[in-house]
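>>> Make a model of this:
(one chain, ligands or ions: 1)
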Amino acid sequence: MTFTETNLSSNKAYPRMLNTNYLKAALGEVICPPPVWVMRQAGRYLPEFREVREKYDFFKVCQTPELACQITLQPIDRYDGLLDAAIIFSDILVIPQAMGMEVQMLPSKGPHFPCPLISPEDLNKLRMPVVKDVLSYVFEAITLTRHRLNGRVPLIGFSGAPWTLMAYMIEGGGSKTFSKAKAWLYRYPSESKQLLAKLSSVIADYIVEQVLAGAQAIQLFDSWAGELSPKLYKEFGIPFLEEIVTVFRKKLIDAQITERIPLTLFCKGAHSSLKDLSDLDIDVLGLDYTMEAIEASKNITKRICLQGNLDPCALFAETETLKELTNENLKEFDSVGLPHIVNLGHGM
Ligand SMILES: Cc1c2[nH]c(c1CCC(=O)O)Cc1[nH]c(c(CCC(=O)O)c1C)Cc1[nH]c(c(CCC(=O)O)c1C)Cc1[nH]c(c(C)c1CCC(=O)O)C2
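Below you'll find the predicted structure:
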C-alpha cells in the first residue's frame with residue numbers, strides 16, 4: 001500500500017480521527033469554541049523537552065524520527081484534550097541543510113551558518129536535493145507521529161517560506177536589519193530570484209512529501225516578511241509563495257489526493273500584503289500579534305480562516321490578566337464572523 005492511499009481520511013491505515021475541529025475550521029467552518037494550537041508548542045518551556053535536549057544536539061533530534069515524534073507528542077500528552085492539533089517537531093532550516101549548507105544551533109545564540117552565501121557565485125555550491133531521499137527523516141517522523149497520535153488530533157507539517165530561508169542563508173543566522181540579504185535584492189535582483197525559485201521548487205516538493213507521509217495540513221512560515229517594504233515583498237515574496245501553492249495543489253492532484261489539504265500562510269509583519277496573500281489558493285491566514293482581526297478581515301478578498309494572534313509575551317501576565325486578554329482576543333475574532341483557529345501571534 002502506498003502512502004498516497006493511506007492519506008485518505010476514509011482509509012483504515014491511519015487511526016480514525018477523533019478530533020477534526022482544527023481541520024474543519026481551517027476548511028471554513030466556524031467552530032464554537034474555536035480550535036487551539038500554539039506555535040512552538042513543543043519547545044524549551046517544557047521540562048520534558050529540555051530533558052531530551054540535554055542528551056542530544058538540536059538537529060540530531062530533528063534527524064531522529066523516534067525523538068522528533070516523542071517531542072511532537074509532549075504537549076499533546078501534557079495538555080491532554082486542550083490542544084486541537086500537533087505540529088511535527090523539526091525546523092525550517094533543514095532545507096538549507098538539504099541544499100548542502102552547514103547549519104548549527106548554538107546554545108543561547110540560535111541558528112548559525114559557518115559559510116553563508118556571500119555573492120551570487122556561491123549559488124553554484126547549492127545542490128538541488130532529491131527531497132524524498134535527503135529529507136526522508138522528516139517524512140518518517142511524520143508517519144510515525146501520525147500513527148502514535150492515534151487520531152487524537154491532526155498533524156500539521158510545515159516549511160519556511162523562500163524569502164525567510166534566503167535571509168538566513170545570506171545573513172548566516174538571525175539579524176536586526178537583514179541588510180546583507182536585502183542588499184542582494186537591490187544589487188542582484190535576478191540572482192536573488194534564481195535563489196528564491198530554487199527554494200520554491202524544493203519547498204513545494206517538501207510539503208507535498210509531508211502530506212504523502214501523513215501530514216494533514218501545512219503551514220508556511222515567512223517570519224521575516226515584515227522586514228521587506230511592501231514593494232519588495234510584492235516582487236520577492238508573494239510570487240514565490242504563489243508558485244509554491246500552485247505546484248503544491250497540482251502535485252497533490254497528480255498524486256490522487258483529492259481531499260482539500262488546508263494550507264496556512266504565516267507571514268509575520270506583512271500588513272500591506274494581506275490582500276495579495278488572501279488571493280492565493282490558501283485556507284488560513286496566520287495573524288501576528290501586531291495585526292488586528294477586524295482590520296485583517298477588511299483587507300482580505302475571500303472568506304478564509306484566520307489564525308492567531310495573542311502576543312506570546314502576554315503569557316508573562318498574571319493569570320487573571322491573561323484570561324481577560326484571551327477573552328478579548330476571542331471576542332475580537334468572533335465579531336469578524338470568519339472561522340478562527342486560536343493561536344499565539346508568534347512562537348512561544
Ligand atoms: C524562524 C524559524 C526558525 N524555526 C522556525 C521558524 C519559523 C517560526 C518563527 O518565526 O519562530 C520554525 C520552527 N522551529 C521549531 C518548530 C517546531 C514545531 C513547534 O512546536 O512549533 C517550528 C515550526 C522548533 C524549534 N526551533 C528552535 C527551537 C529551540 C531549540 C533549542 O534551543 O532547544 C525549537 C523548539 C531553534 C530555532 N530555529 C530557528 C530559530 C530562530 C531558533 C532559535 C530560537 C530560540 O533560541 O528560541 C529558526
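>>> need the next SSE after the helix or strand of the chain with the lowest mean pLDDT, C-terminal direction.
Across the helices and strands of the chain, mean pLDDT, DSSP states H and E gives its lowest value to helix 3-6, namely a mean of 38. Toward the C-terminus, helix 3-6 is succeeded by helix 21-26 as the next helix or strand (DSSP states H and E).
>>> what's that following helix packed up against?
Using 3 or more C-beta pairs under 8 Å, 6 or more residues apart in numbering; DSSP states H and E, the elements in contact with helix 21-26 are strand 217-222, strand 340-344. Where you see a C-beta, it was placed from the backbone N, CA and C, and this is true even at glycine.
>>> chain center to it, what's the gap?
Mean C-alpha position of helix 21-26 versus that of the full chain (C-alpha atoms, centre = their mean, to the nearest Å) differs by 16 Å.
>>> Please work out the residue of the stretch 101-250 of the chain nearest to the ligand and name it.
Shortest the stretch 101-250 of the chain-to-the ligand distance, computed as C-beta to the nearest ligand atom: residue-wise this is residue 223, at 3.2 Å.
>>> Identify the residues contacting that residue.
Taking C-beta atoms under 8 Å, 6 or more residues apart in numbering as the definition of contact, the neighbours of residue 223 are 92, 160, 164, 266, 268.
>>> Which one (most neighbours) among those residues?
The most neighbours of any of these, using other C-beta atoms under 10 Å, belong to residue 266, which has 27 neighbours.
>>> Check the gap between it and the ligand for me.
Noted for residue 266: a distance of 7 Å to the ligand, by C-beta to the nearest ligand atom, to the nearest Å.
>>> in stretch 98-107, what counts as buried?
Residues of stretch 98-107 classed as buried under the neighbour-count rule (16 or more other C-beta atoms under 10 Å) are 98-99, 101, 103, 105.
>>> Mind jotting down where the strands sit in this protein?
Along the chain, the stretches classed as strands by DSSP state E are 86-87, 104-106, 110-112, 155-160, 217-222, 263-267, 284-286, 305-310, 340-344.
>>> could the ones you listed be laid out in TSV, adding mean pLDDT?
Compiled in TSV, the strands of the chain are given as follows (pLDDT from 0 to 100):
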stretch	mean pLDDT
strand 86-87	98
strand 104-106	97
strand 110-112	97
strand 155-160	99
strand 217-222	98
strand 263-267	98
strand 284-286	98
strand 305-310	98
strand 340-344	98
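>>> For residue 54, which of the ones you listed is the nearest?
For the strands of the chain, proximity to residue 54 was assessed by C-beta to C-beta; strand 104-106 is nearest, at 13.9 Å.
>>> who does that closest one touch, helix- and strand-wise?
For strand 104-106, the packing partners by 3+ C-beta pairs under 8 Å, 6+ apart are helix 58-63, strand 110-112.
>>> quick one: which of those is nearest residue 303?
Evaluated over these, closeness to residue 303 peaks at helix 58-63, with 35.9 Å, by C-beta to C-beta.
>>> Report whether that closest one contacts the ligand.
Yes - using C-beta under 6 Å from any ligand atom, helix 58-63 reaches the ligand at residue 58.
>>> mind listing what's buried in that helix?
Residues of helix 58-63 classed as buried under the neighbour-count rule (16+ other C-beta under 10 Å) are 58-59, 61-63.
>>> which among the residues you listed gets closest to residue 289?
Distance to residue 289, by C-beta to C-beta, is smallest for residue 58 among these, at 25.4 Å.
>>> And the closest one, what's its pLDDT?
The predicted local distance difference test score for residue 58 is 98.
>>> Please tell me I have it right and it contacts residue 105.
Yes - with contact defined as C-beta atoms under 8 Å, residue 58 and residue 105 form a contacting pair (3.7 Å).
>>> Close to the ligand: what parts of the protein are there?
On the criterion C-beta under 6 Å from any ligand atom, the ligand has as its neighbours in the chain the residues 39-44, 53, 58, 87, 89, 91-93, 105, 110-111, 158, 174, 221, 223, 347.
>>> Make a markdown table from the helices and strands packed on helix 21-26 and add mean neighbour count to it.
Shown next, in a markdown table, are the helices and strands packed on helix 21-26 (neighbours: other C-beta atoms under 10 Å):
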| stretch | mean neighbour count |
| --- | --- |
| strand 217-222 | 24 |
| strand 340-344 | 24 |
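>>> Dump those to a markdown table, plus distance to residue 255.
Converted to a markdown table, the helices and strands packed on helix 21-26 look like this (distance: least, C-beta to C-beta, whole Å):
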| stretch | distance to residue 255 |
| --- | --- |
| strand 217-222 | 14 |
| strand 340-344 | 26 |
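>>> Which one of the ones you listed lies nearest to residue 287?
Distances from residue 287 to each of those were compared using C-beta to C-beta; the shortest belongs to strand 340-344, at 8.7 Å.
>>> what does the closest one contact?
So strand 340-344 is contacted by 22, 25-26, 30-31, 34-39, 84, 284, 286, 289, 293, 305-312, 315, 329-330, 333-334 (C-beta under 8 Å, 6+ apart).
>>> Extract the C-alpha trace of that strand and format it as PDB.
Provided in PDB are the C-alpha atoms of strand 340-344 (Å, rounded to 0.1, in the frame of the first residue of the first chain):
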ATOM      1  CA  HIS A 340     -11.000  31.100  13.700                       C
ATOM      2  CA  ILE A 341      -8.100  29.000  14.900                       C
ATOM      3  CA  VAL A 342      -6.800  30.200  18.300                       C
ATOM      4  CA  ASN A 343      -3.000  30.600  18.500                       C
ATOM      5  CA  LEU A 344      -0.300  33.000  19.600                       C
END
